[in-house]
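1. Predicted model and sequence follow; I will ask about them next.
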Amino acid sequence: MALLAGADLGGARGVLLMQSSGTGNCVNMLSLIKGGRFPFLTLISMRGDFGEGNPWQFPMGQAVQPVLEAMGVICLRIDRPEEVVPTVGAALTMVFQSGHAVAVLLTQKLLGAKLF
Amino acid sequence: MALDHDRGGVGASAPEFILDRRDAVPALVGRHEDFLIVSGLAGTSRDVAALTGDGAHTYTMAGAMGGACMIGLGLALARPDRRVLVVTGDGELLMNVGALATIAVMNPPNLAIVCVDNGHYGETGYQKSHTSLGVDLERVAAGFGIKASRAISSENELADGARLLSDGNGTAFVLLRVKPTDPPAFKRNMDPSACRNLFRTALLGAG
């Protein structure tokens, strides 16, 4: 997250790819994104939602969207393969044209759930 | 404003924490105009703002603790034509010390990091940090794989550290041990969005 802010200061663009658990590790760093009004795009592969078989994944997985929204990040959920390209395209416009912070949530309905 | 006061002698009692940051940071950085500079929280941001007159080639933080080194990495990767200097403190670095692992792996040749180590969390009231209690961040950096690293605790080592910052062939890390006294008083711009715009306009031009 901070790396992408630095890239923006230098005139470059990037996208953060992470699993939903990682959201919990970088909540405070969204102070930088929101306060600095940095363009920010993240693609998050979800755990702890549809069909999850590992109970440890639920607390953070279920908190991802409310936590991100509380820090000013718009969340776009994707459940179906045909939604991926148009949604990511929409997110790119919202971030790099409008300067907003957007998370695209790739749900387990889309990706499949781990059963262990 | 009274600024020059030791804090209970805790950090100052350690023989290696003797340099005054108000002299040592400018001596170590040298020609600040040669760098794009990212600084950590209150202490190092005031060091940098006082040194540069809160220049538009600096991005000084006052929150998002733990982000300084990674902002520096992103900036260094985006601008391989410029030297990037991160000036942060022991507390800010400890908050996200794993950043050094990523930086060591990426090893951009135009990135240098100075950790101004006063052994304390100055911003919150000078509680002791881990570096007062045995943690050696220069050895941590070296252990992560940053090849060009130095620990500096006396004046006669500053010139060598300055060379490392300006001439490094890979990412450089300099631990600058200082006594736990206040950084310079300096009223800098603390609006993170305004600072982003000032920095980008100066570096990239308007629009």
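-> Received the coordinates, thanks.

2. Up against chain A, what does chain B have?
-> Contact residues (C-beta under 8 Å from any C-beta of the partner chain) of chain B with chain A: B:36, B:38, B:59, B:61, B:63-79, B:82, B:99, B:192-193, B:195-196, B:199-200, B:203-204. Any C-beta I mention is one placed from the backbone N, CA and C, and that applies to glycine too.

3. Sort out for me which of the residues you listed are in helices.
-> Among the residues of chain B next to chain A, the ones falling in helices (DSSP state H) are B:68-78, B:99, B:192-193, B:195-196, B:199-200, B:203-204.

4. show me the contacts for residue 112.
-> No chain was given, so I picked chain A. Under the criterion of C-beta atoms under 8 Å, 6 or more residues apart in numbering or on different chains, the neighbours of residue A:112 are residue A:51.

5. My question was about chain B, not that one.
-> Residue B:112 neighbours (C-beta under 8 Å, 6+ apart): B:35, B:83-86, B:164-166, B:168, B:171-174.

6. Would you map the strands across chain A?
-> A:16-19, A:40-45, A:74-78, A:101-106 (DSSP state E).

7. now the third one, how far from the chain's geometric center?
-> Using C-alpha atoms, centre = their mean, to the nearest Å, the distance from the centre of strand A:74-78 to the centre of the chain it belongs to is 8 Å.

8. Buried residues, it. List them.
-> For strand A:74-78, burial by neighbour count (16 or more other C-beta atoms under 10 Å in any protein chain shown) applies to A:75, A:77-78.

9. try the first one
-> Within strand A:16-19, the residues that qualify as buried are residue A:19, counting by 16+ other C-beta under 10 Å.

10. That strand - what's its average pLDDT?
-> Averaged across strand A:16-19, pLDDT comes to 98.

11. Strand partners (parallel or antiparallel) of it?
-> Strand A:16-19 pairs in its sheet with strand A:40-45 (parallel), by DSSP bridges.

12. Residue nearest the middle of chain A, spatially speaking?
-> residue A:103 (3.2 Å; C-alpha atoms, centre = their mean).

13. So it sits against residue A:77, correct?
-> No: Residue A:103 is beyond contact range of residue A:77, at 9.3 Å (criterion: C-beta atoms under 8 Å).

14. Remind me which helix or strand the nearest residue to residue B:130 once chain neighbours are set aside belongs to.
-> Nearest residue to residue B:130 in three dimensions, chain neighbours excluded: residue B:94, at 5.9 Å (C-beta to C-beta, 6 or more residues apart in numbering or on different chains). Per DSSP states H and E: residue B:94 is located in helix B:90-95.
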